[in-house]
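Novice: Sequence plus the predicted model coming up.
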Amino acid sequence: MVPRIDISRFAHGNTEERAEVAAAFDKAFCSVGFCLLVGIEEWLPPHVIQNARAAAHRFFLSSPQAKRRAYLDGVVGYLPPGAENVSSSAGTPSASPDPVESLNLPGYQERGSEWQARLEGCDCPWEKAPWLPEDLTRPLAEYWRGATSLMLLLMSLSELALDLPPGYFDKSFERPGTLLRIAWYPPQAPGEETAQPQLRYGEHTDFDGFTLLQREGDSADNPGLEIETAGGEWMAVDSSPGTLTINIGDLLQRWTNRRWRATMHRVAKPAPGSVASTQGRLSVVYFTGPHPETLVECLPFPKCVSASCPPKYAPITALDHVLQKMRAATECTEMNSRHYTSRGISVGIALGTLFTAGVVAFSYGVLRFRRR
Ligand SMILES: O=C(O)CCC(=O)C(=O)O
Ligand SMILES: [Fe+2]
């Protein structure tokens, strides 16, 4: 079972209620590595979610030419079908690319568009981007603002859950590195259900901090998100209206000295011949993380580091962590070399197939950061 966490009870509850939510949150990430977030309406009301989903649908159902206008560099912007093989990032690339297309809207503090996260009315770095269809920008920017507020609340909740001083994460998340991805898994043509690949999105862990996943229609009869249990089995996770599915990426696992678990997950293909197999699936995914120059060291507080549990990792910047993951991922893929610049240092990196994590990682590198 994936635990349900009521974020409004944390935001508005008394000390005792907040402590209860924090304990349940800590337990969820120590064990399952996922939770279902409820009580989100204040920050992401149903109409904001529905408007964002409707706009995303319109985008994916528009003509290939229209979608190509949002193509940027094959890293952020529009990624057509065939561009990703996400399980490469877990060291097990699948034989063929993931049947998915996506639009990736970056917020990596790139020069000229650095933005601030605020609980209310935060900036949206791509709001005026000329490559985005106009009717998409407003609903997605609204979603971005709500999801960013929720990210800040999740960081405060983490402080309480991990017994950190209140405000410990404030500085690192004042100007965070985030990315909003809308992903469309198209309907399967007859006969295609049994063809390779066997999944809609391959097995992987996310790279960074919290991922806020909005999805609909996943159920036992209509498989979608599946997560790996501690026992190594795959477990389907039903979606339910008004919830967000939250998991952590490897960076937060590292930050917590592996107290919290970055759980492997994937998107299943519906059964051959099922109604679901003839339907597409849309998800709205918000990847969050600290400012890329944040030094991430195993949190020097008793819940994460102690005499009996010394640090398992050396300190690293958020950026270098992501680059390290990239290198590990690309070692197992067919290589093709590209260059990118990170803080003025040109780094050559082998980049095989692009995948979600790659999008995140590569964007970190491609875009230049401004020092604080
Ligand atoms: O579409 C989903 O449910 C999951 C997507 C995902 O895991 C990702 O984009 O990293
Ligand atoms: Fe993921």
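Specialist: Now that the structure is in, tell me what you want to look at. Residues are numbered from 1 along each chain as shown. Ligands and ions are numbered 1, 2, ... in the order given.

Novice: Looking at the stretch 101-250 of the chain, what residue ends up closest to ligand 1?
Specialist: Relative to ligand 1, the nearest point of the stretch 101-250 of the chain is Leu225 (4.2 Å; C-beta to the nearest ligand atom). Using the backbone N, CA and C atoms, a C-beta is placed for each residue, glycine as well.

Novice: for the chain, same thing?
Specialist: Ser283 (3.5 Å).

Novice: What pLDDT does the model give the closest residue to that residue other than its chain neighbours?
Specialist: In space, and not counting its chain neighbours, Ser283 is closest to Arg215: 4.5 Å by C-beta to C-beta, 6 or more residues apart in numbering. The score at Arg215 is 98. That number is its pLDDT.

Novice: Neighbours of Arg215, how many?
Specialist: Per other C-beta atoms under 10 Å, the neighbour tally for Arg215 reads 21.

Novice: got a list of what it touches?
Specialist: Gly224, Leu225, Ser239, Thr245, Arg281, Leu282, Ser283, Val284 (C-beta atoms under 8 Å, 6 or more residues apart in numbering).

Novice: Can you check the pLDDT for the residue nearest to the spatial centre of the chain?
Specialist: With distances taken as C-alpha atoms, centre = their mean, Phe287 lies nearest the centre of the chain, 3.1 Å away. We note a pLDDT of 96 for Phe287 in this prediction.

Novice: try Ala314
Specialist: For Ala314, the predicted pLDDT is 97.

Novice: and Phe29, that one's in a helix?
Specialist: Yes - using DSSP: H, G, I helix; E, B strand; the rest coil, the secondary structure at Phe29 is a helix.

Novice: isn't it right next to Trp260, touching?
Specialist: Yes - counting by C-beta atoms under 8 Å, Phe29 touches Trp260, with 3.8 Å between them.

Novice: Find residues that contact each of the two.
Specialist: Residues touching both Phe29 and Trp260 by C-beta under 8 Å, 6+ apart: Ile248.

Novice: tell me the secondary structure for the residue of the chain closest to ligand 1?
Specialist: State at Ser283, reduced to three classes by three-state DSSP: strand.

Novice: Kindly report the residues of this protein close to ligand 1.
Specialist: By C-beta under 6 Å from any ligand atom, the part of the chain that sits against ligand 1 consists of 181, 183, 201, 206, 213, 215, 224-225, 265, 267, 283, 285, 356.

Novice: pLDDT-wise, what's the bottom of those?
Specialist: Thr356 (45).

Novice: The residue of the chain closest to ligand 1: what's it in contact with?
Specialist: So Ser283 contacts Ile182, Ala183, Tyr185, Leu213, Gln214, Arg215, Val267 (C-beta under 8 Å, 6+ apart).

Novice: Next one: it relative to Arg200, how far apart?
Specialist: Look at Ser283 and Arg200: by C-beta to C-beta, to the nearest Å, they are 10 Å apart.

Novice: any shared contact partners between these two?
Specialist: Tyr185, Val267.

Novice: check contacts around the residue of the stretch 101-250 of the chain closest to ligand 1.
Specialist: Leu213, Arg215, Asp218, Ala236, Val237, Ser239, Thr245, His265, Arg266, Val267, Ala268.

Novice: okay, now the third one: neighbour count?
Specialist: When you say that, I think you mean Asp218. Around Asp218 there are 23 residues (other C-beta under 10 Å).

Novice: Next, count neighbours for the residue nearest to it when sequence neighbours are not counted.
Specialist: In this structure, Asp218 finds its nearest non-sequential neighbour in Gly224, 3.1 Å apart by C-beta to C-beta, 6+ apart. Residue neighbour count, defined by other C-beta under 10 Å, stands at 24 for Gly224.

Novice: Distance of Gly224 relative to Gly231?
Specialist: Counting by C-beta to C-beta - Gly224 and Gly231 are separated by 21 Å.

Novice: swap in Ser31?
Specialist: 11 Å.

Novice: surely Glu293 meets Leu319?
Specialist: Yes - the pair Glu293 / Leu319 is scored as a contact, 6.5 Å apart, by C-beta under 8 Å.

Novice: Who has more neighbours out of the two?
Specialist: Neighbour totals were compared for Glu293 and Leu319, and Leu319 leads with 23 against 18 (other C-beta under 10 Å).

Novice: Many thanks, have a good one.
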